[in-house]
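Enquirer: following is a predicted model, sequence given first.
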Amino acid sequence: MWCRKNLSCTDTGSVPVYLNVYDLTPINGYAYWLGLGVYHSGVQVHGVEYAFGAHEFPTTGIFEGEPKQCDGFTYRKTILIGKTDLGPEEVRRVMEELAEVYRGNAYNLITKNCNHFCNDACVRLAGNPIPSWVNRLARIGFLCICVLPANLNSTRVQHHKTEDKASEGEKKKLKSERALQPSSPLILRAPSP
């Protein structure tokens, strides 16, 4: 575990707030040493990791899971961001507030990605931002946004629509299940490995 250089590890609060950083590509093994790389991140507090991902629906893109176990990514390191006095339920309320802003269909690789979410969450929980290198490529991409292809600026995870392959009975069942879902922001639970 690493502690940020500009952070006093004796910050006020009793509960540590960590940033778990993951590699999105094997090239990070080389790019990391140049201060570059493509990373996914999650905020760990009270033994739960919160992260943000894309989907095509106007519901929250925030999900929770086991720390250091985000499927599809290779764990790199943990960084102590600071400490908080918020309890588990208060942390969940913060995440529910962030869920209003971080909807799955609002994900954007350059302007609203998992690292942006983690930065906002860490500032709210511990009063400290994430290290700048974690989201450096998005900031560089923002400077070049006018030359990037439009489809890159709105990259979303592609889901296979179950409805396309479902029978009429299954379609009705899916629609009725969707109608039962609450409209208030809820945090999605990541599937168990």
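Expert: Structure received.
Enquirer: ok, and what's touching the lengthiest strand in the chain?
Expert: In the chain, with assignment by DSSP state E, the single longest strand is strand 74-84. Outside of strand 74-84, the residues that reach it under the criterion Cβ atoms under 8 Å, 6 or more residues apart in numbering are 1-4, 7, 9, 11-23, 26, 28, 32, 39, 43-45, 68-69, 91, 122, 125-128, 130-131. The way it works is simple: take the backbone N, C-alpha and C, and place the C-beta from them, glycine included.
Enquirer: name the residues of it that come out as buried.
Expert: Residues 76, 78-84 are the ones in strand 74-84 that count as buried (16 or more other Cβ atoms under 10 Å).
Enquirer: do stretch 60-77 as well
Expert: Neighbour counts using 16+ other Cβ under 10 Å place 60-65, 67-68, 70, 73, 76 of stretch 60-77 among the buried residues.
Enquirer: quick one: which of the buried residues of strand 74-84 is nearest to residue 96?
Expert: Relative to residue 96, the closest of the buried residues of strand 74-84 is residue 84; by Cβ to Cβ it sits at 16.0 Å.
Enquirer: in the protein, which segments are predicted with low confidence?
Expert: For the chain, the stretches with pLDDT under 70 are 1-11, 141-193.
Enquirer: now the helices for this structure?
Expert: Listed in chain order, the helices found in the chain under DSSP state H are 28-31, 88-101, 114-126, 136-143, 150-153, 162-165, 168-180.
Enquirer: and the buried residues of stretch 60-77, which is closest to residue 104?
Expert: Within the buried residues of stretch 60-77, proximity to residue 104 (Cβ to Cβ) peaks at residue 61, which comes in at 3.5 Å.
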